[in-house]
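In: Give me a 3D structure for the following:
(2 chains)
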Amino acid sequence: MADAGNEKKPLVSGFLMSTQFMELDGCTRCQECMKWCPTFDVRQDRPGITPMYKIAKFRELLGSQYGLRAKLFGPKPLNEDEIDIWKDDTYMCTTCGVCGTVCESGINTVELWEAMRPNMVARGNGPYGKQSFFPGLLGKDRNPFQAKQSERLCWVPDDATVLESSEIAYFAGCTAAYRQQALAVASVRLMNALDIPFCMLGEDEWCCSSALVRTGQRDVMRDHAVHNVDALKDRGVKTVLYACAGCQRTATIDWPRWYEGYIPYKNIPLSFYLRDKIRSGEVEWKRPLNFKVTYHDPCHNGRHLMHVNGRDVAFEAPRDILKSIPGVQFEDMARSREFQRCCGAGGGVKAGIPDLALDCAKARMGDAELVAADVITSTCPFCRRNIMDGRAAMEGCDVKVLDVVEMMTAAMGLDITIPDNPYMQFQEQDVLVCDEDVCKVETIERKAEGKDLVGEAH
Amino acid sequence: MADFYTLGLTYWRVIALTVLVLGVWIYGIYFNFKKWGMGSTGYQDELRHSFWLFIATWIHQAFKDGVWVFVKTFVLDVLLLRRTLRRSPMRWVMHITIFYGFVTLAALSGIGLLLDTVIHFNLLGYAHQAEVIFDMMALPFDIFGYMLLFGATIGVARRVFLREVRARTSAYDVVLLGGVFLITITGFYAQWMRGNSFLVGDVFAYPIYAPHFALIHTILALALFAIILPWSKYMHVIAAPLTILANRGGE
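Out: Residues are numbered from 1 along each chain as shown, chains lettered A, B, ... in the order given. A predicted model of the protein is given here:
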């Protein structure tokens, strides 16, 4: 029901750029977006959540307040129940961007959805459910897991070399630091083995704040963007490597919007950097990984960044790594690259509407089953988390979920054992367990009771 | 040609009507641009509520990657509808025939009015030549008319025969496509009533009422252009190409 406090509040639209107002009128209602929308695919009874209908509704609302009729006879009173439904529709979107990829009018939909949400927050309609915890958690703890910043590097093996400052930095991200430490350990082991000198920010690494941007809660964003950029600059960094698609997207597109000074470093996916090492012959494979493997393109470093980094970086680098690993039999799923089906975790959906995220994940896992994959890989800890949840909710599904970096590390014969640390009980992921010649995938179950307050943060 | 002036219409009244229609259309476009100008000029920038700052923002966006990208986008995505072709060849045929049919017919109508002015005032003594050219325009009118009819028919057929498309068809779509289809059909019917028409001969010949029907067609077309386009979903005809250019083709 409508919140009584919202009555007579004006429609808020000020977070849109003027060209985005134009985009609302640019929709031709061709319905192409409806064929591809991953949330509509699992919520066929709610066409209102598709781009075409969301745009039509917003246009209708704007028309009722600022159109010709409103100019002649005054604006129509807003119906708060209608606005609430429209808010729900707008938040039932993972901001994956496939609608923009297929849009005949070339509407930049990701930016449009992310500009619509702050208006709802400003008006008091948004965000959705547990998404409202993000600003408080990040403002207080600087990460969404209520973990200690001083323990950011608690997982680093004693014999690993992490420098205080360097021209190359590894930005691990909150999930790898606290919940999927096998990925963080693998990344560090790999870079050490390949003699890549790198530093990490340690407790100066604050959450990238992707969740704030995606859910329209921009207030704490500036602090995190400015802090992280300054921390990287202070260490003389020229290249930042990411094994987290969400962090990379936010650092590449969002931070510069909030940082007023010059940013002297490049943001590069770790997979792209590692592919260069394979191509230059620096990588020595020690053992085969005899799995049938497929690859799930994360939206955040795929579609969101393909126009920034190019298709090769966005889509081909991780595939090339997988194809290089001895023993791997690689096959793409039916929907891949820019037409990939979103796992369902993004846009704050995992935190706000977990059942929707779960249904999307099951659909994606179904895609992996169709190619009879043993392992579905990704370069995004959030996709991984959600796809694993999808698997758990399916009957008889045994497809394993791994990161490309971990696959590469295992094939190089490196030790990816997580050192004992205060967050061992929170680990929940599939891991490669290897002896001299053979690797198998085991699932680590979370030992801590309960669940994280907001699940994932992208 | 003088047949057109019927039901009390005179040359001057047609000119006055045309000026009025253009005036309403221009105001409609201004009104929309001003509405779009309610937004900001950049991420987190302050609001300006300005027609001119919308224009400035659009120019900034459209030329962000340079003139060459703008030209490429204009040719490939606006003129050739590349993005539509990638998604659905059938929809591409529909759009391209409607777009070029409509635009060319509109241009031919404009030229027709110009020639009519030359004939009316015998400007520079070219009245006779203008009449000859006017008669020569019958064939292109027919060709582009059939092109438009073909596209509009695909559009209507999609909405009628494709179950999913039909299920999601709203009043917007009905007015949009129905309007185009009605204008096209009335145009053809007016032409066929004159008799001795391309493809149909004298099947529909009824010359006495041909001018009246032509007038209905003209009024419908002008109403669509001025009264409906800027104030309705038809605005996508303007907004979609501008969006494609502002987003550099979405590429």
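
In: Point out where the chain drops to low pLDDT.
Out: Picking chain A for this. A:1-7, A:450, A:453, A:455-458 (pLDDT under 70).

In: Switch to chain B, please.
Out: B:1-8, B:251.

In: what's the longest helix in it?
Out: helix B:89-121 (DSSP state H).

In: That helix vs chain A: in contact?
Out: Yes. Applying Cβ under 8 Å from any Cβ of the partner chain, one finds helix B:89-121 in contact with chain A at residue B:91. From N, CA and C alone the C-beta is placed, and that goes for glycine too.

In: elements contacting that helix?
Out: With contacts defined as 3 or more Cβ pairs under 8 Å, 6 or more residues apart in numbering or on different chains; DSSP states H and E, the packing partners of helix B:89-121 are helix B:11-36, helix B:82-87, helix B:127-136, helix B:138-161, helix B:171-193.

In: Next, the buried residues of the following helix or strand past the fourth one.
Out: When you say that, I think you mean helix B:138-161. As assigned by DSSP states H and E, the chain's next helix or strand after helix B:138-161 is helix B:163-167. Under the neighbour-count criterion of 16 or more other Cβ atoms under 10 Å in any protein chain shown, helix B:163-167 has residue B:165 buried.

In: Outside of helix B:163-167 itself, list whatever touches it.
Out: A:31, B:158, B:159, B:160 (Cβ atoms under 8 Å, 6 or more residues apart in numbering or on different chains).

In: Out of those residues, who's the most crowded?
Out: Counting neighbours by other Cβ atoms under 10 Å in any protein chain shown, the top entry in the contacts of helix B:163-167 is residue A:31, with 20 neighbours.

In: mind checking how far it is from residue A:102?
Out: Note on residue A:31: its distance to residue A:102, by Cβ to Cβ, to the nearest Å, is 10 Å.

In: so who does the spatially most distant residue from the centre of chain B touch?
Out: Largest separation from the mean C-alpha position in chain B: residue B:44, at 36.5 Å (Cα atoms, centre = their mean). Residues near residue B:44 by Cβ under 8 Å, 6+ apart: A:15, A:218, A:257, A:258.

In: Name the secondary structure element that contains it.
Out: Judged by DSSP H and E, residue B:44 forms part of no helix or strand.

In: Need phi/psi at it.
Out: phi 70, psi 10 (degrees, to the nearest 10).

In: now do residue A:269
Out: Taking degrees, to the nearest 10 as the convention, residue A:269 sits at phi -70, psi 140.

In: Verify the stated contact: residue B:172 with residue A:27.
Out: No. Look at residue B:172 against residue A:27 with Cβ atoms under 8 Å: they stay out of range, at 10.1 Å.

In: Which one's more surrounded, those two?
Out: More neighbours surround residue A:27 than the other of residue B:172 and residue A:27, with 25 against 16 (other Cβ under 10 Å).

In: Spit out the contact partners of that one.
Out: Applying Cβ under 8 Å, 6+ apart, the residues contacting residue A:27 are A:51, A:52, A:55, A:56, A:59, A:105, A:107, B:236, B:240.

In: which ones are touching residue A:172?
Out: By Cβ under 8 Å, 6+ apart, the contact set of residue A:172 is A:152, A:184, A:187, A:200, A:205, A:243, A:244.

In: who in chain A is up against chain B?
Out: A:13-23, A:25-32, A:34, A:47, A:52, A:56, A:62, A:66-68, A:100-108, A:218, A:257-258, A:307.

In: Produce a PyMOL select command limited to the buried residues of those residues.
Out: Restricted to buried positions by 16+ other Cβ under 10 Å, the PyMOL selection for those reads:
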select buried, chain A and resi 13+15+16+17+18+19+20+21+22+23+25+26+27+28+29+30+31+32+34+47+52+56+62+66+67+100+101+102+103+104+105+106+107+108+218+258
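
In: Am I right that residue B:57 is in contact with residue A:20?
Out: No. Look at residue B:57 against residue A:20 with Cβ under 8 Å: they stay out of range, at 9.9 Å.

In: Just name whatever secondary elements the helix or strand that contains residue A:55 is in contact with.
Out: Using DSSP H and E, residue A:55 sits in helix A:51-66. Secondary-structure packing of helix A:51-66 (3+ Cβ pairs under 8 Å, 6+ apart): helix A:18-26, helix A:32-36, helix A:68-73, helix A:80-91, helix A:109-123.

In: I'd like the contacts of helix B:163-167 written out as a markdown table, with distance to residue B:69 added.
Out: A markdown table is the format used below for these (distance: Cβ to Cβ, whole Å):
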| residue | distance to residue B:69 |
| --- | --- |
| A:31 | 29 |
| B:158 | 33 |
| B:159 | 35 |
| B:160 | 40 |
